[in-house]
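Engineer: Pasting the sequence and the predicted coordinates here, then a few questions.
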Amino acid sequence: MDWKPDRESQLPVYKQIAQYLEQRISNGEFPSGTPLPSERLFAKELGVNRSTIVAAYEELHGFGIVERLQGKGTIVSRNIWGRQSKRIPNWGKLIETGSFLPNTAMMRTIRKESSDVDIIDLASGELSPDLSASQYFREIMSNQDFNYHVGYDHPQGNVKLRETIAKHLKEFRTIPATSSSILVTSGAQQALYLIVQCLLQPGDAVAIEDPSYCYSLPLFKSAGLRAFLLPVDDQGINPDDIVQLHKQHRIKMVFLNPNFQNPNGSFLNLERRKRVLEISSYYGIPIIEDDPYSLTAFDQSHVPTLKSLDQNGSVLYVSSLSKIVASGLRIGWIFGPQTVIERLADAKQQIDFGHSIIPEWIANQFLSSDDFSTHLHHLRESLIFKRDKIVFSLYDQLSDQIDTLVPEGGIHIWCKIRADVNEQQLLKEAIKRGVVYVPGSVFGTQKGYVRFTYGRVQEEQIEPAISRFADALRSMTRDK
């Protein structure tokens, strides 16, 4: 929340809060019947005592602007300013019945808690400011001339950037590509959204990994798809599971994250990769390869993507700069058959009239410079250090309570809790102690797992973060 009460004002803080809420109610931001924030959370957001929020709500209640409902909290009055006799939109019902589903309540809680400055964030899947390329961006914007037209660009994205991405794919990922078969997207998530909306129909069956990032996305359910699960071990999926699912459900598409998979960090071995492509070609099943992490390989070896092994045009390749450069740049891409790319570009144009030229310009200048390789080297070294530090902390403090799969790339570490604990209660206890992470069930059917992300957390925060989680876990196991 941007607004904060003025501590220097002569007006008491609770009255400032009451006036602020009254203004938002009067301009329609909080319609009649809308719940107001809970007293505890609102107090935390504003940095005041809970009693101050209670006083502000009582002030509004005295004016008839809000109602206090036992067990339900405070809502905007249903008869505010005589509106009971008037017909107003039922916004509450509308937001519940829309076809595009919201994130789960747990994910909304995690996102909200992650923004708290007092919380150590092991949940957010992004890089810390010191690992992003911000310094290079500042140099680009300060020292290089921007001479692009600031208007609508090509539906597939700026041509120069697509040419640079094609060169990047060949040099860093051994994927021969041309600019005409690349679509620039607002990160990989928009790429997945376009694929689901344009290439599939309600009722179609798709296969996703279990666990996987895709499992956490409501977009599959929103599109009316039937998602079937491919179990993932420390070597990735078993390709023959695709065959079994296809025989039972006529799978239309397979979504895979084969390189340092999110969340468990597994790497699909070469034999399995070749088998996946054989199955894809035999049954005509397209593969969507989501590849945010292959360039983070800690041994700096070349990681063969599925697309680099694809000889039949079976793979749609999705990647971005979010996990290796900066998430806020919002530059991702899809590479695949040109007819598919043109179809997806047409849909993207309907949504946003194409990508903004300014981040495209910055991305093009950075990707085409020697600074990119320098940045990548620094990123890998820093991530190795963070990975080792979090692994050491886990072994030091929790070796008797968890099992850890140590990744060789990426930004996530996947842990199995040996004890049987209530994951929602464990998350609640951890947040209470000042650390947030993502419970394993967000990503699939496996119970008793947690995902810690070490990309965003500062190095000096890792040990205290694990210590706080350990305290939360022990508080749960002591109660048994």
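Structural biologist: Right, received. Where do you want to start?

Engineer: Do me a favour and get the end-to-end distance for stretch 302-317?
Structural biologist: Stretch 302-317 has its terminal residues 17 Å apart, counting by Cα to Cα, to the nearest Å.

Engineer: Off-centre distance for that stretch?
Structural biologist: Averaging C-alpha positions (Cα atoms, centre = their mean, to the nearest Å) puts stretch 302-317 24 Å from its chain's average.

Engineer: Please point out which parts of it sit buried.
Structural biologist: Neighbour-count burial for stretch 302-317, counted by 16 or more other Cβ atoms under 10 Å, picks out 303-308, 310, 314-317. All C-beta atoms are positioned from the backbone trio N, CA, C, and that covers glycine.

Engineer: Of those, which belong to strands?
Structural biologist: Counted as lying in strands by DSSP state E, out of the buried residues of stretch 302-317, are 315-317.

Engineer: need those residues in a markdown table with distance to residue 150 and pLDDT, can you?
Structural biologist: As requested, these are arranged in a markdown table below (distance: Cβ to Cβ, whole Å; pLDDT from 0 to 100):
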| residue | distance to residue 150 | pLDDT |
| --- | --- | --- |
| 315 | 35 | 97 |
| 316 | 31 | 98 |
| 317 | 30 | 98 |
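
Engineer: Closest one of the buried residues of stretch 302-317 to residue 421?
Structural biologist: Taking Cβ to Cβ as the measure, residue 303 is the one of those closest to residue 421, at 35.2 Å.

Engineer: follow-up on the earlier one: which one of the buried residues of stretch 302-317 sits closest to residue 197?
Structural biologist: Distance ranking of the buried residues of stretch 302-317 against residue 197, using Cβ to Cβ, places residue 316 first at 13.8 Å.

Engineer: Quickly list what the closest one is bridged to.
Structural biologist: Residue 316 has these beta-bridge partners by DSSP bridges: residue 288.

Engineer: wouldn't it be in contact with residue 289 here?
Structural biologist: Yes - assessed by Cβ atoms under 8 Å, residue 316 is found in contact with residue 289 at 7.1 Å.

Engineer: Tell me the secondary structure of the closest residue to residue 37 other than its chain neighbours, please.
Structural biologist: Computed as Cβ to Cβ, 6 or more residues apart in numbering, the closest residue to residue 37 that is not its neighbour in sequence is residue 45, at 7.2 Å. Put simply, residue 45 is helix when judged by DSSP: H, G, I helix; E, B strand; the rest coil.

Engineer: Double-check residue 45 against residue 39; I have them as touching.
Structural biologist: No - look at residue 45 against residue 39 with Cβ under 8 Å: they stay out of range, at 11.0 Å.

Engineer: got the residue ranges for the helices in the stretch 101-250 of the chain?
Structural biologist: 105-114, 134-143, 159-173, 187-199, 219-222, 240-249 (DSSP state H, counting those that start in this stretch).

Engineer: Of those, which is nearest residue 440?
Structural biologist: helix 105-114 (11.3 Å).

Engineer: pull the longest strand from the chain.
Structural biologist: strand 226-233.

Engineer: Buried residues, it. List them.
Structural biologist: Neighbour counts over strand 226-233 (16+ other Cβ under 10 Å) mark 227-230, 232 as buried.

Engineer: okay if I get those residues as JSON lines plus distance to residue 195 and pLDDT?
Structural biologist: Shown next, in JSON lines, are those (distance: Cβ to Cβ, whole Å; pLDDT from 0 to 100):
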{"residue": "227", "distance to residue 195": "14", "pLDDT": "96"}
{"residue": "228", "distance to residue 195": "17", "pLDDT": "97"}
{"residue": "229", "distance to residue 195": "19", "pLDDT": "97"}
{"residue": "230", "distance to residue 195": "18", "pLDDT": "97"}
{"residue": "232", "distance to residue 195": "21", "pLDDT": "96"}
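
Engineer: ok, residues contacting stretch 133-145?
Structural biologist: 325-326, 329, 362, 365-366, 369, 371, 375 (Cβ atoms under 8 Å, 6 or more residues apart in numbering).

Engineer: from the middle of its chain, how far away would it be?
Structural biologist: Computed by Cα atoms, centre = their mean, the chain-centroid distance of stretch 133-145 equals 26 Å.

Engineer: List every C-alpha atom in that stretch, with coordinates, as PDB.
Structural biologist: These are the backbone C-alpha positions of stretch 133-145, laid out as PDB (Å, rounded to 0.1, in the frame of the first residue of the first chain):
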ATOM      1  CA  ALA A 133      21.600  -6.700 -14.800                       C
ATOM      2  CA  SER A 134      20.500  -3.300 -13.600                       C
ATOM      3  CA  GLN A 135      23.900  -1.700 -13.700                       C
ATOM      4  CA  TYR A 136      24.300  -2.700 -17.400                       C
ATOM      5  CA  PHE A 137      20.800  -1.300 -18.100                       C
ATOM      6  CA  ARG A 138      21.800   2.100 -16.500                       C
ATOM      7  CA  GLU A 139      24.900   2.200 -18.700                       C
ATOM      8  CA  ILE A 140      22.800   1.400 -21.800                       C
ATOM      9  CA  MET A 141      20.300   4.100 -21.100                       C
ATOM     10  CA  SER A 142      23.000   6.700 -20.200                       C
ATOM     11  CA  ASN A 143      25.500   6.100 -22.900                       C
ATOM     12  CA  GLN A 144      23.600   4.700 -26.000                       C
ATOM     13  CA  ASP A 145      21.300   6.600 -28.300                       C
END
